[in-house]
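> sequence? don't have it. structure:
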């Protein structure tokens, strides 16, 4: 059996990829995808821990995370569509009226 | 057969009323014509009132249900009341604002109710899963509400920024929860606390716990807008529709504080010597950065955003004290801050004419001559934010400082007091502008009765709480 | 134990090599004499009009968003269905409440006209 630590390491790496994506990518769609990667890396860790402990609580949380992520992305995409209609861009650096 | 544990419905009665009411209202609104949209708002107020009354009976009781994931105690009841008060005043402030800005859509009130439900889950949650769900329900409705004034570019931008940052924070929160679960094998706060109290966490589990707790606090820190996780706050607060700014700055913040307090004081109680210094440092820089940021702002709405960052630092002193007194002080501060910020934003709403923002400091010039009522309301709100007696803000600051002092956070109290004195400068600058300078341009002032009622109610409450602090402190 | 996995390894390598051989062979053997006509996009002999990338109507996104949400909610039905026989009446009632809430969402969507194709 693969040690739980390896799973956690993998999920931590995926999480870092997601964080890097959020921080350096400027396209809002890609940022949302990176966030999704962060959430799913957490899901991987949860499932691995749940398996190691033979406990379903972790898997239960995964369901909730999946559903919440979908809701979040739905709101995000709806916002992107409205922004694209008014500004014709999905680049978050071009969305910059507010500052100071 | 799987045994279904008995459910104590009295624990979740308020939640049931809010969620049931919100769902019913969503359906009812479909059949309410646009011209009678206020009816939806009044129905939402009725739902809030019903839920508030439902909180009277269980006062003083403690209990939990749904396998110990949702609990009820006086902490959660007081917080629920604060959320409902904040939501009710927000709705009252919105009646005039929405049609004036052409965003008179019924989902607004429904989403506020759902947000309140999420907040109540945060206050009543005894399990990381419930805290996560509550926070997300609150956040996702707030993203949508922040963008409610589309196609106004600023509103869309605020919503997008809020959503991207919020989703980022959610990632941290979930990963943190996953690690804490991995370290302790539990998501229930009390169970985590029990496992940690036994002190059998070692090796890699110790690392998981530390990293997990840190990431959970970061995730919540974004919602509270603790420095250094505050960068989104001024933009989002400026761009969102003003009643929503008020709502998220008070109720949203209070809810995130509720979740954080529960997590720190129930689950991580035994690890106190590790998190207290870290959070104390965060509180100190939050107080300093928030208030210094507000100093240079000419835009009052933005200034209030920075001020709310600074206030979050003061509120954090409550849970930091890690005592009953600290928690009480936090609740008291949250109540005072809720009323004060709602009054201040209410005045901004009254000044906001159609499609034109009058948030510049100079727009407040001569407000005393043009509208004495609004001038007094704004002045009292500013004095309360600055912490000048006899307002609620003073008593609140006094309470958190005392609690922190007793917990041995002398340095933090010292920083807090010094920065309060500096902060008084920019709050009083607004007051000076209102009473002493001449109007620079004509600003159309709303004369809506309901709006005036909402502002008046908040102001009277600020003064009453300031004058009769002992009563209320005893009550909590 | 490890020998069992060797098959998978060999399979993977073979799966990589087989498509690569014809691709490389074609690349090495074919003559390359590009002309403008040859490089043109070929579509049933018709002249190409406009760009390859087309914008879809926003309507599609509305459907997609609604679909995603309703689709993902189904994740809760799986564990429920697996444990259905052991949950009894309570489980049935709880899931009915859940579905009814989803139906409310659908009704809202319908009444708001998000399902109309305009």
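Perfect, thanks for sending it. Remember, it's a predicted structure, so these values are computed and weren't measured experimentally.
> switch to C-alpha atoms for all contacts and neighbour counts from now on
Fine.
> what's the closest non-adjacent residue to whichever residue of chain C sits closest to chain B?
Taking C-alpha to the nearest C-alpha, chain B has its nearest neighbour within chain C at residue C:86, 4.2 Å off. Spatially, and ignoring its direct neighbours in sequence, residue C:86 is nearest to residue B:1 (4.2 Å; C-alpha to C-alpha, 6 or more residues apart in numbering or on different chains).
> Now the residue of chain C closest to chain B: which helix or strand?
Per DSSP states H and E, residue C:86 falls inside helix C:84-111.
> What of residue B:334?
Judged by DSSP H and E, residue B:334 forms part of helix B:324-351.
> Quick check: next helix or strand after the lowest-mean-pLDDT helix or strand in chain C?
In chain C, no helix or strand scores lower on mean pLDDT, DSSP states H and E than helix C:36-39, which sits at a mean of 78. Proceeding N to C from helix C:36-39, the next assigned helix or strand is helix C:58-73, under DSSP H and E.
> Would you mind listing what in chain A touches chain C?
A:63, A:66-67, A:70-71, A:74, A:77-78, A:81 (C-alpha under 8 Å from any C-alpha of the partner chain).
> pretty sure the residue of chain C closest to chain B contacts residue B:4?
No: with contact defined as C-alpha atoms under 8 Å, residue C:86 does not reach residue B:4; the gap is 10.0 Å.
> Next, the residues that contact stretch B:366-386 from outside, please.
B:337, B:340-341, B:343-344, B:347, B:389, B:391-394, B:420, B:423-424, B:427-428, B:430-431, B:433-439, B:455-456, B:459, B:462 (C-alpha atoms under 8 Å, 6 or more residues apart in numbering or on different chains).
> Report the separation between residue B:203 and residue B:210.
11 Å (C-alpha to C-alpha, to the nearest Å).
> Show me what the helix or strand that contains residue C:80 packs onto, helices and strands only.
Applying DSSP H and E as the criterion places residue C:80 in helix C:77-82. Contact here means 3 or more C-alpha pairs under 8 Å, 6 or more residues apart in numbering or on different chains; DSSP states H and E; on that basis helix C:77-82 packs against helix C:84-111.
> Could you give the average pLDDT over the helix it packs on?
For helix C:84-111, mean pLDDT is 90.
> mind listing what's buried in it?
Neighbour counts over helix C:84-111 (16 or more other C-alpha atoms under 10 Å in any protein chain shown) mark C:84, C:87, C:91, C:95, C:105-106, C:108 as buried.
> wait, which of those is closest to chain A?
residue C:105 (13.0 Å).
> Quick one: residues contacting that closest one.
Counting by C-alpha under 8 Å, 6+ apart, there are no residues that residue C:105 touches.
> switch to 10 Å and redo it
Applying C-alpha atoms under 10 Å, 6 or more residues apart in numbering or on different chains, we find residue C:105 in contact with B:23, B:26-27, C:66, C:70, C:99, C:111.
> Drop anything exposed from these.
Neighbour-count burial (16+ other C-alpha under 10 Å) is assigned, among the contacts of residue C:105, to B:23, B:26-27, C:66, C:70.
> CSV for the residues you listed, including distance to chain A and pLDDT?
What follows is the buried ones among the contacts of residue C:105, written out as CSV (distance: C-alpha to the nearest C-alpha, whole Å; pLDDT from 0 to 100):
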residue, distance to chain A, pLDDT
B:23, 17, 94
B:26, 18, 93
B:27, 20, 93
C:66, 8, 83
C:70, 10, 86
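> possible to save those as CSV with distance to residue B:446?
Below are those laid out as CSV (distance: C-alpha to C-alpha, whole Å):
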residue, distance to residue B:446
B:23, 32
B:26, 29
B:27, 31
C:66, 39
C:70, 42
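> Could you find the closest non-adjacent residue to whichever residue of the stretch 101-250 of chain B sits closest to chain C?
Ranked by C-alpha to the nearest C-alpha, the top residue of the stretch 101-250 of chain B for proximity to chain C is residue B:107, at 10.3 Å. Nearest non-adjacent residue to residue B:107, counting by C-alpha to C-alpha, 6+ apart: residue B:26, 6.8 Å away.
> Distance from the lowest-mean-pLDDT helix or strand in chain A to the middle of the chain?
The weakest-scoring helix or strand in chain A, judged by mean pLDDT, DSSP H and E, is helix A:57-87 (a mean of 89). Helix A:57-87 sits 9 Å away from the centroid of its parent chain (C-alpha atoms, centre = their mean, to the nearest Å).
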